[in-house]
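Novice: my questions are about this predicted structure, shown below with the sequence.
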Amino acid sequence: MKYNIDVGHPEALLLCGTYLMVNNNYGFGLALLLLGLLGGIFRTGLKFHEEQQKAEEKEKVIKEVSNAGEELAQGIIQILGTLVGGKDSKGPSGDLH
């Protein structure tokens, strides 16, 4: 499993907020902690959204390939039917043989 650690603005805000809270500056420290927490939540939400879009795109490509395969199979069946039995597979009486 691949672990990826991102250190960005939310983490910096959490560290600075914690430092300020420890040094008895509760108002500004709490504000930085809350901003860091919200930043981390938003970043996580954006990552999940990107992953969901990638999964939908893969599913769409698979569906298009499947449809193309079905169209190819129908085309081959029509070509073989034309070559083997002519345009009409019915006999002179109109019934299938």
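Specialist: Noted; the coordinates are in hand.
Novice: point out where this structure drops to low pLDDT.
Specialist: Within the chain, the stretches with pLDDT under 70 are 86-97.
Novice: ok, and for stretch 14-27, which residues are buried?
Specialist: 14, 16-17, 20-21 (16 or more other CB atoms under 10 Å). For glycine as for every other residue, the C-beta is placed from the backbone atoms N, C-alpha and C.
Novice: is it possible to export the residues you listed to a markdown table including secondary structure and distance to Leu80?
Specialist: Output for the buried residues of stretch 14-27, formatted as a markdown table (DSSP: H, G, I helix; E, B strand; the rest coil; distance: CB to CB, whole Å):
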| residue | secondary structure | distance to Leu80 |
| --- | --- | --- |
| Leu14 | helix | 67 |
| Cys16 | helix | 73 |
| Gly17 | helix | 72 |
| Leu20 | helix | 78 |
| Met21 | helix | 77 |
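Novice: how many residues are close by Leu33?
Specialist: 18 (other CB atoms under 10 Å).
Novice: and the gap between it and Leu15?
Specialist: Distance, Leu33 to Leu15, by CB to CB, to the nearest Å: 10 Å.
Novice: circling back: out of the buried residues of stretch 14-27, which is nearest to Glu50?
Specialist: Set against Glu50, the nearest of the buried residues of stretch 14-27 by CB to CB is Leu14 (23.0 Å).
Novice: isn't the closest one right next to Ala31, touching?
Specialist: No. Taking contacts as CB atoms under 8 Å, Leu14 lies outside contact range of Ala31: 11.9 Å.
Novice: look at Tyr3 and give its secondary structure.
Specialist: In three-state terms, and counting by DSSP: H, G, I helix; E, B strand; the rest coil, Tyr3 is coil.
Novice: mind listing what it touches?
Specialist: Counting by CB atoms under 8 Å, 6 or more residues apart in numbering, Tyr3 makes contact with nothing.
Novice: for the protein, what's the longest helix?
Specialist: Secondary structure of the chain read by DSSP state H shows that its longest helix is helix 26-85.
Novice: counting contacts, what elements does it pack onto?
Specialist: helix 9-22 (3 or more CB pairs under 8 Å, 6 or more residues apart in numbering; DSSP states H and E).
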